[in-house]
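# got a sequence here, can you model it:
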Amino acid sequence: MLRCLIDKVVLQKEGRDRVRVRIVWKGGETTTQEVPIRVGALAALAGGQEMERLIVEVSATGVADEVIAEQLTALGHRSPMRPTVLASPVKTIRLKHRIFQKRSQSHPQRVRGFLSVSQIAEAVGVTPHWIYDRIYNGTIHVSKDPQRKVFLFPDGPATLDQFQALKSGVQSTITFDRAASHLD
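Numbering: from 1, shown residues only. Now for the predicted structure:
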């Protein structure tokens, strides 16, 4: 029955995150509506930058991620893949801006005389994932500290020089021998 009433349907992309649907009815009347579509990232949303700004602003006051997500949904924002804002992208953005809710998030483990993966990553200008990827594929040879169960590297200019050489392609592998050093 509905097919008998519709003359044509026109879809027009209105940015990366929405399409405009125009239905032309028999007789010439039209109905137009914008429909949100799924996108792969927050940056692809029309209000993504505004949403990120609001998350940073509100989370700095200590409001929970779930509450922020509800507030953003009420303001008309959405997650890239859902019609509402989920708490997980709120948390991701909050942590990206180094706004922590738990003490353990803001006080990563520090060991005198050693650098953690995140400390090396920050100093060298790479992501922690970049380092973990190379540890697990054998490019970086290091073992976990048996007490702390984390990868630790000697704190010194030679360590950072080796990572810079690996990053630039001058070295293809680097090795850190745990037997030569011990922890307190």
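
# which parts of stretch 16-35 are buried?
Judged by neighbour count using 16 or more other Cβ atoms under 10 Å, the buried positions of stretch 16-35 are Asp17, Arg18, Ile23. Just so you know, the C-beta spots here come from the backbone N, C-alpha and C atoms, and that holds for glycine as well.

# quick one: the second one from Gly47, how far?
Think Arg18. Remark: distance between Arg18 and Gly47 (Cβ to Cβ, to the nearest Å) = 11 Å.

# do the same with Val111
Val111 is 43 Å from Gly47, by Cβ to Cβ.

# quick one: low-confidence ranges for the chain?
For the chain, applying pLDDT under 70 flags the ranges 102-109, 178-184.

# so where do the strands sit in it?
Remark: strands assigned in the chain by DSSP state E are 6-13, 18-25, 30-36, 114-116, 140-141, 152-154, 174-175.

# adjacent strands (with direction) for the fourth one?
When pairing is defined by DSSP bridges, strand 114-116 lines up against strand 152-154 (antiparallel).

# and the partner strand, what's buried?
Leu152, Phe153.

# chain center to it, what's the gap?
26 Å (Cα atoms, centre = their mean, to the nearest Å).

# list of residues touching it?
Val111, Gly113, Phe114, Leu115, Ser116, Ile120, Val142, Asp145, Thr159, Phe176, Ser181, Leu183 (Cβ atoms under 8 Å, 6 or more residues apart in numbering).

# can we see that at 7 Å?
With Cβ atoms under 7 Å, 6 or more residues apart in numbering as the test, strand 152-154 has contacts from Val111, Phe114, Leu115, Ser116, Ile120, Val142, Asp145, Thr159, Phe176, Ser181.

# these two touch, right, the third one and Asp155?
Meaning Leu115. Yes. Contact between Leu115 and Asp155 holds when scored by Cβ atoms under 7 Å: they sit 5.0 Å apart.

# what comes up buried for stretch 132-141?
Neighbour-count burial for stretch 132-141 [16+ other Cβ under 10 Å]: Arg134, Ile135, Ile140.

# so which of these is the closest to Phe151?
Ile135 (6.4 Å; Cβ to Cβ).

# now do the contacts for the closest one.
Counted by Cβ under 7 Å, 6+ apart, Ile135 has contacts Val142, Phe151.

# if we can go back for a sec, please say which of Leu115 and Asp155 ends up with more neighbours.
Leu115 (21 against 16; other Cβ atoms under 10 Å).
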